[in-house]
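In: Just a sequence and a predicted model for now, questions to come.
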Amino acid sequence: MSWTILVGAGTLATALNGGASLLCIVDARFSLGDPQAGLAGYRQSHLPGAVHADLDRDLSDRARTGHGRHPLPDMDRFMRHVGEWGIGPEHQVVVYDAGDGSMAAARFWWMLRLCGHRKVAVLDGGLSAWRAAGLPETDAAPRIRPLPAYPGHFDRSRVVTVDEVMARLSEPAGWLWDARAAERFRGEVEPIDLVAGHVPGAVNWPFARNMQDGVMTDGTALGHALRAQLQGLEPQRVVLMCGSGVSACHLLLAFEAAGLPGPRIYADSWSGWISDPARPVATGDD
């Protein structure tokens, strides 16, 4: 096993049936409308052997102010959690959520990669694809052999700060991609955050555009579409954002699936940007 981006339900099931000893599965289901629903669903039924990682509790630090709705947690604490889940550098990790990976499987995938772990992949189509294939679930608690804190090094260079975004506002549009739905980007509606609109100069690429029939679009087709939007800009120059730095990770996953590695994530995203009313806001299709 050497899965680093996506893995299909059938492929994962075959590995589980074969008793793969170095395979760790993480259930990262979360619902913005009901923050308790992910854990409740996990306790009711999950993939065999899966542990649960909660977006609010494990993948964020809600006590940090000025950094959006889902601020990155202290990464040393996160790496302790990773060890407690029985994950070490030698393990193949597969993470899933209820469906497309945006809430919050891709966030876990990105965070583990920030710690230097490469063998981590998102279950393509998530629990929905698993169930559609009639594959087994359980309500049994997993048997975990806790390990010391993951011995990685947090790569801060992959996390874009608000200072960098501010410094690049004068650049031609196209370097900052916003993964929110189009109507939120344009500022027509804002069901979550206090201010509607987007960062001036950002372009809109809703993460749902990367999906087809519940799974990630074919990498070749996805690559053509993303390159057309890039208009020659190198992926390494691109910064990805969303509402709180979660679905932006799904857009990064799409770039990787399309063979276009290199974008970085503005983790504070829109909810962090608007925490300072002095920062500029745009609306419409600008």
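Out: Nice, I can see it.
In: Please make it C-alpha for all contacts and neighbour counts, starting now.
Out: Will do.
In: just the helices in the stretch 101-250 of the chain please.
Out: 105-114, 126-132, 162-167, 182-185, 219-230, 247-257 (DSSP state H, counting those that start in this stretch).
In: Which elements pack onto the first one?
Out: This means helix 105-114. Counting by 3 or more C-alpha pairs under 8 Å, 6 or more residues apart in numbering; DSSP states H and E, the packing neighbours recorded for helix 105-114 are strand 92-96, strand 120-123, helix 247-257.
In: mind checking which of the helices of the stretch 101-250 of the chain is nearest residue 213?
Out: helix 126-132 (10.0 Å; C-alpha to C-alpha).
In: Contact partners for the closest residue to residue 137 other than its chain neighbours?
Out: Spatial nearest neighbour of residue 137, excluding adjacent residues (C-alpha to C-alpha, 6 or more residues apart in numbering): residue 47 at 4.8 Å. Residue 47 makes contact with 25, 27, 136-138 under the criterion C-alpha atoms under 8 Å, 6 or more residues apart in numbering.
In: hang on, the earlier thing: relative to residue 148, which of the helices and strands packed on helix 105-114 is closest?
Out: Using C-alpha to C-alpha as the measure, strand 92-96 is the one of these that comes nearest residue 148, at 16.7 Å.
In: counting contacts, what elements does the closest one pack onto?
Out: strand 23-27, helix 105-114, strand 120-123.
In: And for the shortest one, what's in contact with it?
Out: Pointing back at strand 120-123 there. 3-9, 92-96, 101, 105-106, 109, 112-113.
In: Repeat that for stretch 268-281.
Out: 66-71, 161-162, 193-195, 197-200, 241-245.
In: which among the contacts of strand 120-123 end up buried?
Out: Neighbour counting with 16 or more other C-alpha atoms under 10 Å marks 4-9, 92-96, 101, 105-106, 109, 112-113 as buried within those.
In: picking that back up, can you tell me which of the contacts of stretch 268-281 are buried?
Out: By 16+ other C-alpha under 10 Å, the contacts of stretch 268-281 give 67-71, 161-162, 193, 195, 197-200, 241-245 as buried.
In: Next step: these restricted to strands.
Out: Among the buried ones among the contacts of stretch 268-281, the members falling in strands (DSSP state E) are residue 241.
In: which residues of the stretch 151-286 of the chain score low on pLDDT?
Out: The model of the stretch 151-286 of the chain has pLDDT under 70 over residues 286.
In: how about 50 then?
Out: Applying pLDDT under 50 to the stretch 151-286 of the chain picks out no residues at all.
In: before we move on, back to that, closest to residue 168 out of the helices and strands packed on strand 92-96?
Out: helix 105-114 (23.2 Å).
In: show me the contacts for residue 89.
Out: Contacts of residue 89 by C-alpha under 8 Å, 6+ apart are 117, 150-151.
In: could you redo the last one with a cut-off of 10 Å?
Out: 22, 83, 115-119, 150-152 (C-alpha atoms under 10 Å, 6 or more residues apart in numbering).
In: Next: residue 246.
Out: 55, 59-60, 69-71, 101-108, 110, 179, 265, 267-269.
In: just the buried members of the residues you listed?
Out: 55, 59-60, 69-71, 101-108, 110, 179, 265, 267-269.
In: Save the helices of the stretch 101-250 of the chain as JSON lines, and put in distance to residue 281 too.
Out: Converted to JSON lines, the helices of the stretch 101-250 of the chain look like this (distance: least, C-alpha to C-alpha, whole Å):
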{"stretch": "helix 105-114", "distance to residue 281": "26"}
{"stretch": "helix 126-132", "distance to residue 281": "35"}
{"stretch": "helix 162-167", "distance to residue 281": "12"}
{"stretch": "helix 182-185", "distance to residue 281": "11"}
{"stretch": "helix 219-230", "distance to residue 281": "22"}
{"stretch": "helix 247-257", "distance to residue 281": "19"}
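In: Among the ones you listed, which comes closest to residue 42?
Out: helix 126-132 (10.7 Å).
In: what residues does the closest one touch?
Out: Here helix 126-132 has contacts from 7-10, 12-13, 27-29, 46-47, 95-102, 105, 123-125, 133-137, 213-215, using C-alpha under 10 Å, 6+ apart.
In: Many thanks, have a good one.
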